[in-house]
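Q: just need the structure, nothing else, for what follows:
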Amino acid sequence: VVSIPSGVQSAPKYVAANIEWLEKFEHVTFCFDNDKQGKEAAVKCATLLTPSKAKIASFPLKDASDMVQAGKTKDLVDCVWGAKIYRPDGIVSGNETWDLIIANDTESTCDYPFVGLNRKLKGLRKGEIVTLTAGTGIGKSQVCREIAHHLIRRNENVAYVALEESVQRSMRGLVSVSLNKPIHLQEVRDEIPEEEIREAYDTLRKNIFFYDHWGSSDSKNLMSKIRYFVRGCNCNWIILDHISIMISGMQDGDERRLIDNTMTQLRSIVEELKFGLIIVAHLKRPVNTNRGHEEGLTTSLSQLRGSAGIAQLSDICIGCERDQQSDDNPNLMTMRVLKNRFTGDTGIATYLQYNPETCRLIEEGYNFNGNGQTNDTGHRGEIDY
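A: Numbering: from 1, shown residues only. Modelled structure (predicted):
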């Protein structure tokens, strides 16, 4: 047992001066004070030694002296002999991963409002990025409303960041899902008693948060808003509609680089805060074909607009396809899983039928409540195959 000649600020200097002597030992344990200065100095000293040689002891009290005076001599010895080998942040030994294997992940999972998506994707998970993509006017925003409404009705807090519409339009859209009526239309809203609208509103308002901003936003500003949604508002799920408009007003015109940087920031903050992020992304105009995505062209990862980083950094990618010009059924949407990092199961997941009178997306092939509609609470009922 030796001591440094002066305070911990100079400890790395003395360790460096005696490095040859210290390297002769199998392990070197640093037992500095349990405060910010002591912890930082211990890390700096540990990095000077050969990897896996340094250990850092951690005390429940400020230092060894306080431990002895408190009658915790045995605990002090245990702290020294139980010190763990220092590793830089982010390095995890396989010996420390057993708890990760057997951990119960059900608490961090919520289902989608559509059976077909649940079968392929096994639900929504915190710590993952889900990207929805489609052509213009296909119905991406309505899918987002259905998912948001579904989560809220399961008492999950949701942050709804819709950069192409006002908070008023976003909230009316969610209440419309509850009422099965498009209340953003004045003539429809006039026919519904105000108390009925209020009742639907009250079932949603406590679990939904919005970002009151129109159009593009600085990515650093948006990251701070996301951090507040998660930490300050306890939001488990954030919906960002959509990433292209977020970077459209930035000064640098390199869209690909901006999207790459933004996706990297989003990936990092999702991993750090462990919330579920649903992103809307646009598609590039197809080449060498007379058909567009608005006419039912099949979606693919290569068609994501702006950057390959969207596909690379997303855990799940879902393409929404609909032929707006179809003579048979222009309101039928195909949901195609383009990427599935969780199970690898891709391909067509389900079909959603849009009802213009109710503004709802109903899953084809399943009969909800016996008549293809939702019940009076806004939830889908038991499913009959």
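
Q: tell me the first helix or strand C-terminal of the helix or strand where E195 lies.
A: Using DSSP states H and E, E195 maps to helix 194-202. Using DSSP H and E, the helix or strand that follows helix 194-202 towards the C-terminus is strand 208-210.

Q: list the helices and strands the helix or strand just after that next one packs on?
A: Using DSSP H and E, the helix or strand that follows strand 208-210 in sequence is helix 219-233. Judged by 3 or more CB pairs under 8 Å, 6 or more residues apart in numbering; DSSP states H and E, helix 219-233 is in contact with strand 158-162, strand 237-241, helix 243-248, helix 255-273. C-betas here are computed from N, CA, C, even on glycine.

Q: buried stuff in helix 219-233?
A: Buried residues in helix 219-233, counted by 16 or more other CB atoms under 10 Å: 219, 222-223, 225-226, 229-230.

Q: report the buried residues of stretch 20-39.
A: 22, 28-34, 38-39.

Q: which among the buried residues of helix 219-233 gets closest to T289?
A: Lowest distance from T289 to the buried residues of helix 219-233 (CB to CB) belongs to S219, with 33.4 Å.

Q: which one, of the helices and strands packed on helix 219-233, ends up nearest to L204?
A: Nearest to L204, of the helices and strands packed on helix 219-233 and by CB to CB, is strand 158-162 at 9.3 Å.

Q: picking that back up, out of the buried residues of helix 219-233, who's nearest T203?
A: Nearest to T203 among the buried residues of helix 219-233 is F229, at 20.5 Å by CB to CB.

Q: any idea how far I239 is from the closest residue to that closest one other than its chain neighbours?
A: Spatial nearest neighbour of F229, chain neighbours left out: A159 (3.9 Å); criterion: CB to CB, 6 or more residues apart in numbering. With distances taken as CB to CB, to the nearest Å, A159 is found 7 Å from I239.

Q: those two - which one has more neighbours?
A: I239 (26 against 23; other CB atoms under 10 Å).

Q: what comes up buried for the helix holding E195?
A: Applying 16+ other CB under 10 Å to helix 194-202 flags 197, 200-201 as buried.

Q: likewise for stretch 125-140?
A: 125-126, 128-135, 138-140.

Q: can I get it as PDB, trimmed to CA atoms?
A: Extracted in PDB, the C-alpha atoms of stretch 125-140 (Å, rounded to 0.1, in the frame of the first residue of the first chain):
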ATOM      1  CA  ARG A 125     -40.100  -1.900 -28.300                       C
ATOM      2  CA  LYS A 126     -38.400   0.900 -26.400                       C
ATOM      3  CA  GLY A 127     -34.800   1.600 -27.600                       C
ATOM      4  CA  GLU A 128     -35.800   1.000 -31.200                       C
ATOM      5  CA  ILE A 129     -36.400   3.300 -34.300                       C
ATOM      6  CA  VAL A 130     -39.300   2.400 -36.500                       C
ATOM      7  CA  THR A 131     -39.400   4.200 -39.900                       C
ATOM      8  CA  LEU A 132     -42.600   4.500 -41.900                       C
ATOM      9  CA  THR A 133     -42.200   5.500 -45.500                       C
ATOM     10  CA  ALA A 134     -44.500   6.000 -48.500                       C
ATOM     11  CA  GLY A 135     -45.300   8.200 -51.400                       C
ATOM     12  CA  THR A 136     -47.000  11.600 -51.100                       C
ATOM     13  CA  GLY A 137     -50.600  11.400 -49.800                       C
ATOM     14  CA  ILE A 138     -50.600   7.600 -49.200                       C
ATOM     15  CA  GLY A 139     -51.600   7.900 -45.600                       C
ATOM     16  CA  LYS A 140     -48.500   7.900 -43.500                       C
END
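
Q: I appreciate the help and will end here.
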